[in-house]
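> sharing a model prediction with you, sequence too.
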Amino acid sequence: MSVHSLMFGWEYPPRHLGGLGVACQGLVRGLLGHGVKVTLVLPCASDTTDDVDILSPQETLLEHIRIKSTLQPYDSHTSFSLRASTTPHHGMHPMYGEGLEQAVELFTASSVELTKHLEPDVVHAHDWMTYGAGIVSARHHNRPLVAHIHATELDRTHFHPNEWIYERERYGFLQADRIIAVSQYTKNILTEHYGIAADKISVVHNGSDECMDATPTPLLTWSPVKKAPMVLFLGRLAIQKGPRHFLQMATMVHAHRPDVQFVIAGDGHMLPSLIDEAIHLGLKDNVVFAGKVSREEGRALYAQADCFVMPSLSEPFGLVALEAIAQGTPVILSKQSGASEVVRHGFHVDFWDTEKMADCVLTILREQPLALQLTSEAPSILQKLTWSNQAGHVRSIYEDLLRS
C-alpha cells in the first residue's frame, strides 16, 4: 500500500532547540525508508533552503514546504512577547502575527492554503503548534488525522500550564483519529489529565540511529590534561529538564568527592540563574557551563563522562539517554521519563530525590565493574529502537487508519 503523509512540524535540523527536531528527522527518514512519501511543512524565519538540512540520500525524497512565520521552537506567550519587544526589526512584522495566538493562526492558515493542492492519505501533526493546521487540513482533504505528542504543556511547565495552550492541545487530541505518544508515561498523562480514551492512543517510543562506537572520541579542547571524574548534564536549561536538581545533586557529590567535575551542556533561559546558583553553592571551580553543543560535541562529552544524569521533572522520552549509552556511558534517569521504560540497565530515581541521585553517582564512580555492567545492554536497545523500526510502527498505524 502506497502512503502519502502530509506532516506538520515546527523544528527540523539544523535549526532546532530540542529533541523534537531530532525525533522528527529520524521519523521522516525512517518513513521514507518504508516507502512512505512525506511532505513536511515547517514554520521558518525565511524561505531559504538552509532552513531544512538534507543530510542523507534518502532525505532528498522529502518534499518540504516552508511557511514564513515568527514561531520558534518551544515558544510560549512570554518568549514570543519578549522576542517581539527586543527584536522588532528581526522578522517580527505585524503581518506575521503580533502575538503568539495570531502567529499560530497565521501559520495554520498559510499551511492549509499552501497544501490544498496535495492529495495525502493521512495528515500527521507534531505537538500543539501544528494541531490547528492538522485539523483543518484533515477536514479539507477528508483524511485521518494523527496527533503526535512529544511533550505536553504539563511537562514543560511542571503541571502549571498556560490554559490557552493546554486547551489547544486537548482539542487536538479530541479531534485526532489516532494519537501517537512517545511513551507509556505520556499516554498516562493524556488519559489522567486530558481525559483521552486509552484505546485512542498508540505508544511508539522514540528511536535512535546511534550505535556503539569502539573508536575513541577526541577530547574537547577545554578538557583538563589529567582527567578528573566527570558527571554530565545535557539538555535545554528549562525547568522541565531539572538542571537545578542536577546542581543540588552536585553539591552532595562534591562534599564526598571534591575532585569530581560537573558539565552542564545546553542553552536556555535559566542559564544566568544557574551560573549564580553554582557560585552560591560553592561549585564555581567544579561546574563547567558548556553552552549549546553540536551533535559531534555532544558525543565527545558523553564519551568523556563517567556518568550521565537526566534529572527531568517530566520527560516524555529523553533521547539523550540513548545518545549516552551509545557512547558506553552509565546513566541515571528520572523515573518520570519515558526513557526509563526502555533503558533497564541504569539507575532510576525520582527527580526530587537528589540525595539518592548523588548516591548513585558516587556508586558509579566507585564501582567500575558496576559501571560497565550498566552499559552492557546498550547494543540490544539501540538495535531494537532504530528509527526504521519505530517508523515501521507508525506506518502500520497509517495503514490501520486507512483500512478502517
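Yes, it's here. On a predicted model such as this, the values are computed, not experimentally measured, just so you know.

> next one: Q261 relative to H254, how far apart?
Distance of Q261 to H254, given as C-beta to C-beta, to the nearest Å: 10 Å. Yep, even glycine has a C-beta here, placed from its N, CA and C like the rest.

> show me whatever sits in contact with both of these two.
Common neighbours of Q261 and H254 (criterion: C-beta atoms under 8 Å, 6 or more residues apart in numbering): N286.

> can you show me the CA trace of the strand or helix carrying E192 as PDB?
In this assignment (DSSP states H and E), E192 forms part of helix 184-193. Output in PDB follows, covering the C-alpha atoms of helix 184-193 (Å, rounded to 0.1, in the frame of the first residue of the first chain):
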ATOM      1  CA  GLN A 184       3.600   5.000  28.300                       C
ATOM      2  CA  TYR A 185       4.400   7.800  30.700                       C
ATOM      3  CA  THR A 186       3.000  10.300  28.300                       C
ATOM      4  CA  LYS A 187       0.000   8.100  27.500                       C
ATOM      5  CA  ASN A 188      -0.800   8.100  31.200                       C
ATOM      6  CA  ILE A 189      -0.700  11.900  31.300                       C
ATOM      7  CA  LEU A 190      -3.100  12.100  28.400                       C
ATOM      8  CA  THR A 191      -5.600   9.700  30.000                       C
ATOM      9  CA  GLU A 192      -5.400  11.200  33.500                       C
ATOM     10  CA  HIS A 193      -5.000  14.900  32.800                       C
END
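
> and it, what does it pack onto?
Helix 184-193 sits against helix 153-157, strand 178-181, strand 201-203, with contacts defined as 3 or more C-beta pairs under 8 Å, 6 or more residues apart in numbering; DSSP states H and E.

> now those in a markdown table, with mean neighbour count?
Output for the helices and strands packed on helix 184-193, formatted as a markdown table (neighbours: other C-beta atoms under 10 Å):
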| stretch | mean neighbour count |
| --- | --- |
| helix 153-157 | 21 |
| strand 178-181 | 23 |
| strand 201-203 | 18 |
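
> pick out the shakiest of these, pLDDT-wise.
Mean pLDDT is lowest for helix 153-157 among the helices and strands packed on helix 184-193, at a mean of 94.

> what sits up against the helix holding E192?
Taking C-beta under 8 Å, 6+ apart as the rule, helix 184-193 contacts 149, 152, 154-155, 159, 173, 179, 181, 196-198, 201, 203, 314-317, 336-338, 340-341.

> can you tell me which of these are buried?
If you count burial by 16 or more other C-beta atoms under 10 Å, the buried members of these come out as 149, 152, 154-155, 173, 179, 181, 196, 201, 203, 314-317, 336-338, 340.

> average pLDDT for stretch 21-34?
94.

> my bad, should have said stretch 263-276
Per-residue pLDDT values across stretch 263-276 average out to 96.

> now that stretch: buried residues?
263-268, 270-271, 274.

> following whichever strand or helix holds E296, which helix or strand comes up?
Element membership of E296, judged by DSSP H and E, is helix 295-304. Per DSSP H and E, the first helix or strand lying C-terminal to helix 295-304 is strand 307-310.

> select the longest helix from this protein.
In the chain, ranked by residue count with DSSP state H as the criterion, the top helix is helix 387-403.

> please name every helix or strand in contact with it.
So helix 387-403, by 3+ C-beta pairs under 8 Å, 6+ apart, packs with strand 3-8, helix 19-33, strand 36-44, strand 122-126, strand 145-149, strand 178-181.

> buried sites along it?
387, 390-392, 394-395, 397-398, 401.

> can I see the domain layout of this structure?
Residue ranges for the domains of the chain, per automatic domain parsing: 3-207+386-403, 230-384.

> least confident of those domains, on average?
domain 3-207+386-403 (a mean of 86).

> so what's P258 closest to, chain neighbours aside?
N286 (7.4 Å; C-beta to C-beta, 6 or more residues apart in numbering).

> look up how far P229 lies from that neighbour.
Going from N286 to P229 by C-beta to C-beta gives 11 Å.

> ok, now S340?
S340 is 24 Å from P229, by C-beta to C-beta.

> surely H124 meets V3?
No. The criterion here is C-beta atoms under 8 Å, and H124 misses it with V3 at 10.4 Å.

> so these two - more neighbours on which side?
H124 (31 against 18; other C-beta atoms under 10 Å).

> please name the bridge partners of that one.
Beta-bridge partners for H124, by DSSP bridges, are M7, V146.

> what does S202 give?
Listed by DSSP bridges, the beta-bridge partners for S202 are I180.

> if I pick it, what's in contact with it?
Listed by C-beta under 8 Å, 6+ apart, the contact partners of S202 are 178-181, 393, 397.

> same thing but 10 Å
Contacts for S202 were tallied using C-beta atoms under 10 Å, 6 or more residues apart in numbering; they are 146, 178-181, 187, 393-394, 396-397, 400.

> how many residues are close by E355?
12.

> and it, helix, strand or coil?
Using DSSP: H, G, I helix; E, B strand; the rest coil, the structure places E355 in helix.

> can you tell me the element the residue nearest to it when sequence neighbours are not counted falls in?
Distances taken as C-beta to C-beta, 6+ apart place M252 nearest to E355, at 6.3 Å, with adjacent residues excluded. If you go by DSSP H and E, M252 is part of helix 243-256.

> elements contacting that helix?
The criterion is 3 or more C-beta pairs under 10 Å, 6 or more residues apart in numbering; DSSP states H and E, and the helices and strands that helix 243-256 contacts are strand 230-234, strand 261-265, helix 271-280, strand 287-291, strand 307-310, helix 354-366.

> out of these, nearest to L118?
Comparing these by their distance to L118 (C-beta to C-beta), the top pick is strand 230-234, with 37.8 Å.

> that closest one to helix 354-366, inter-axis angle?
130 degrees (axes from the mean of the first three to the mean of the last three C-alpha atoms, to 10 degrees).

> next, the buried residues of stretch 291-298.
Buried, per 16+ other C-beta under 10 Å, within stretch 291-298: 293, 297-298.

> for H150, which residues are in contact?
Applying C-beta under 10 Å, 6+ apart to H150 gives the contacts 18-21, 23-24, 126-127, 180-183, 186, 206, 316-317, 338.

> among the residues you listed, the buried ones, what's the PyMOL command?
Filtering those down to the buried ones (16+ other C-beta under 10 Å) takes a single PyMOL command:
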select buried, resi 18+19+20+21+23+24+126+127+180+181+182+183+186+206+316+317+338
